[in-house]
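Visitor: Below are the sequence and a predicted model; questions follow.
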Amino acid sequence: MKSFLFAVAVLIASSAQCQSITPVIQIGSHHKANISFDVANNMLTPAVLTLEPASMTPTAKGPTYRPLDPDVHVELSELSAKLGAKQHHTFRAKISCASDCVVAIWVTFMPPKQENGAQVAIHFPETAYICSEIRGCREKTLRANGAL
Amino acid sequence: MNWLKKIGRVALFAVAFFGLIGVANAQAPAQANASATLSWSNAETLTASISTPALVFTPVAGVPTTSSFSTTATWNLGGTETKVFEEFYLGSATAALSSGANLIPSSDVFLGQGGAPAPCTNNAQAGGNTVGIPAGAECQNWLTALTAGNKNSSHTMSNWVLTLQNVATANAGTYSGVFNYSVSVM
């Protein structure tokens, strides 16, 4: 009975998707930031992930995303990775912008293509608030956009 | 005899003096206040999980229907974050599912949770990937306001089902697409 329950648990765990990111928000000063963040594949099966940077504006309704603004430069250590079961990986990014900016690096986990039906993709962002100085950067940005 | 008494007093004094020093030294380690700083950096974490990697439609009373699925967003946030956003959306409004040139729009894809299902035709309020959630392809969105009491918490939603409506006239073929679950923090 125990082995049966274990097999069922493994089956459920391997058929689900579960991924994590840490930290979630980072702050940069002097209009630049060198950040690193860790992405974990909590599943019992491998997972492929892609990274895509975007400019973000916080609003009262929530964050809105768009392609990177022209004056924002993001250099990622990798654009994609394959994580084995229960593996994690640290990504690095160099971000610079001409003025205060918010950059979200979207992490997308996409399972293998589904022939009949819909693949289920998971997305979450690593967000960097970048200002001239760290102190009060995020709060200032949120207030300026009516999000706080 | 006086010199003997003097020697005796000096010896007695010396014994007492050095004895006290010895006692003091012996007790010194027990009285010292040694301390070590305790430090633990518990980083902020955001986790998203969904109970299935794929949603396959099979007929239920003639309606293509997926098996039920659930999602959980888990967060541990120690900073000044104020909101957690979750969104379900399809890859495209005009081609939510496709089979070659045959397309099923998002208006034919319905999401339900026990009650009346609704088509995935909303415009995004938040979240989404780089180019944003395709207009008219969002199914649902949720906002969890963060307070001191739920900075380390989770949000689980169960019994979701996707159905395809109005596809009786769809051309034969194997249709595929992408269903997206995004979790973001602000």
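Guide: On my side now, so go ahead. Remember, it's a predicted structure, so these values are computed and weren't measured experimentally. Numbers count the residues shown, from 1 in each chain, chains lettered A, B, ... in the order given.

Visitor: A:Thr64 is in contact with B:Met186, correct?
Guide: No. Contact criterion Cβ atoms under 8 Å: B:Met186 and A:Thr64 do not qualify, at 10.3 Å. (C-beta placed from N, C-alpha, C; glycine too.)

Visitor: When the two are compared, which one has more neighbours?
Guide: Taking B:Met186 and A:Thr64 together and counting by other Cβ atoms under 10 Å in any protein chain shown, B:Met186 has the greater number of neighbours (24 against 19).

Visitor: list the contacts for the more buried one?
Guide: Taking Cβ atoms under 8 Å, 6 or more residues apart in numbering or on different chains as the contact definition, B:Met186 lies against A:Pro58, A:Gly62, A:Pro63, A:Thr127, A:Leu142, A:Ala147, B:Glu81, B:Thr82, B:Lys83, B:Phe85, B:Ala126.

Visitor: show me where pLDDT drops low in chain B?
Guide: Counting by pLDDT under 70, chain B shows low-confidence ranges at B:1-8, B:10-30, B:125-132.

Visitor: Would you confirm that A:Gln119 contacts A:Met110?
Guide: Yes. With contact defined as Cβ under 8 Å, A:Gln119 reaches A:Met110; the gap is 6.4 Å.

Visitor: in the chain, which spans are strands?
Guide: Since you didn't name a chain, this refers to chain A. Assignment of strands within chain A using DSSP state E yields the ranges A:17-22, A:25-28, A:32-41, A:47-59, A:62-66, A:72-76, A:80-83, A:88-97, A:101-110, A:117-130.

Visitor: My question was about chain B, not that one.
Guide: B:45-50, B:54-55, B:58-60, B:63-65, B:69-76, B:83-90, B:97-99, B:102-104, B:109-112, B:118-119, B:138-145, B:152-164, B:176-185.

Visitor: Smallest gap between chain A and chain B, at which residue?
Guide: A:Gly62 (2.5 Å; Cβ to the nearest Cβ).

Visitor: beta partners of that residue?
Guide: Each beta-bridge partner of A:Gly62 is listed here, defined by DSSP bridges: A:Thr59.

Visitor: does the closest residue to A:Ser77 other than its chain neighbours have beta-bridge partners, and which?
Guide: Leaving aside its sequence neighbours, A:Ser77 sits nearest to A:Arg92 (Cβ to Cβ, 6 or more residues apart in numbering or on different chains; 4.1 Å). Legend: beta-bridge partners of A:Arg92 under DSSP bridges are A:Ser36.

Visitor: got any ranges where chain A has weak pLDDT?
Guide: Where chain A drops to pLDDT under 70, the residues are A:1-15, A:114.

Visitor: hang on, isn't B:Phe88 packed against B:Gln140?
Guide: Yes. Contact status for B:Phe88 versus B:Gln140: in contact at 4.9 Å, counting by Cβ under 8 Å.

Visitor: So which of the two has more stuff around it?
Guide: B:Phe88 (25 against 15).

Visitor: In contact with the closest residue to the more buried one other than its chain neighbours, which residues?
Guide: Leaving aside its chain neighbours, B:Phe88 sits nearest to B:Cys139 (4.0 Å; criterion: Cβ to Cβ, 6+ apart). B:Cys139 sits next to B:Glu87, B:Phe88, B:Tyr89, B:Leu90, B:Val109, B:Leu111, B:Ala118, B:Cys120, B:Asn122 when contact means Cβ under 8 Å, 6+ apart.

Visitor: now the residues you listed: which count as buried?
Guide: B:Glu87, B:Phe88, B:Tyr89, B:Leu90, B:Val109, B:Leu111, B:Cys120, B:Asn122 (16 or more other Cβ atoms under 10 Å in any protein chain shown).

Visitor: Among those residues, which pair sits farthest apart?
Guide: Greatest spatial distance among the buried ones among the contacts of B:Cys139 (Cβ to Cβ): B:Glu87 and B:Val109, at 14.8 Å.

Visitor: What about residue 124, how many residues nearby?
Guide: You didn't say which chain, so I picked chain A. Summarising burial for A:Phe124: neighbours were counted as other Cβ under 10 Å, giving 27.

Visitor: could you do chain B instead?
Guide: Should you count by other Cβ under 10 Å, B:Ala124 turns out to have 22 residues around it.

Visitor: Number of residues surrounding the residue nearest to it when sequence neighbours are not counted?
Guide: Nearest residue to B:Ala124 in three dimensions, chain neighbours excluded: B:Ile133, at 3.5 Å (Cβ to Cβ, 6+ apart). Residue neighbour count, defined by other Cβ under 10 Å, stands at 28 for B:Ile133.

Visitor: Perfect, that will be all.
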